[in-house]
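**Q** Got a sequence here, can you model it:
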Amino acid sequence: MEKWIPEHEAPEPLEGPVVATITGGTILWFVLFLVQLPFYGWFDDRGRTWWVWTCLAGAGLGLIGIWYVRKRDAAIKRDAASGPGEPGEPDEPVGPVTG
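**A** Residues are numbered from 1 along each chain as shown. This is a model prediction of the structure:
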């Protein structure tokens, strides 16, 4: 069996409005929760209450996602503003400094 070797370089990942996308998705999950809430009895009669709670869980996880992507975006901007250098290379020594 021959080892698979890629014939070309992988493309760079696409960067887009990540914060806006996650925020929009979170709002959508919460709106779906609110729309389904008045029909809770109907869902309960059919054993489908998990639909309602899935929407609420999606909104809750979306809030965590918003927090995460905002921190990520700030870190990317901070790294870009720090100037040229190797990505991931610390500007200051890490750990205790002796000497």
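**Q** any idea which helix or strand carries Gln36?
**A** Here Gln36, judged by DSSP states H and E, is contained in helix 18-36.
**Q** can you give me the helices in this protein?
**A** 18-36, 40-45, 49-81 (DSSP state H).
**Q** what's the angle between the longest one and helix 18-36?
**A** Read it as helix 49-81. 160 degrees (axes from the mean of the first three to the mean of the last three CA atoms, to 10 degrees).
**Q** chain center to stretch 27-40, what's the gap?
**A** Distance, stretch centre to chain centre, for stretch 27-40: 22 Å (CA atoms, centre = their mean, to the nearest Å).
**Q** hmm, who's touching that stretch?
**A** Contact with stretch 27-40 is made by Phe43, Thr49, Trp51, Val52, Cys55, Leu56, Gly58, Ala59, Gly62, as judged by CB atoms under 8 Å, 6 or more residues apart in numbering. In short, each C-beta sits where N, CA and C put it, glycine included.
**Q** thinking the first one is in contact with Thr54, fair?
**A** No: using CB atoms under 8 Å, Phe43 and Thr54 do not qualify as a contacting pair, with a distance of 10.9 Å.
**Q** From Gly16, how far out is Met33?
**A** Just to correct that, residue 33 is Phe rather than Met. Separation of Phe33 from Gly16 (CB to CB, to the nearest Å): 26 Å.
**Q** Next, Trp4: phi, psi?
**A** phi -80, psi 130 (degrees, to the nearest 10).
**Q** Equivalent analysis for the one 3 residues further on, please.
**A** Here is the backbone geometry of Glu7 (degrees, to the nearest 10): phi -90, psi -10.
**Q** burial of it, as a residue count?
**A** 5 (other CB atoms under 10 Å).
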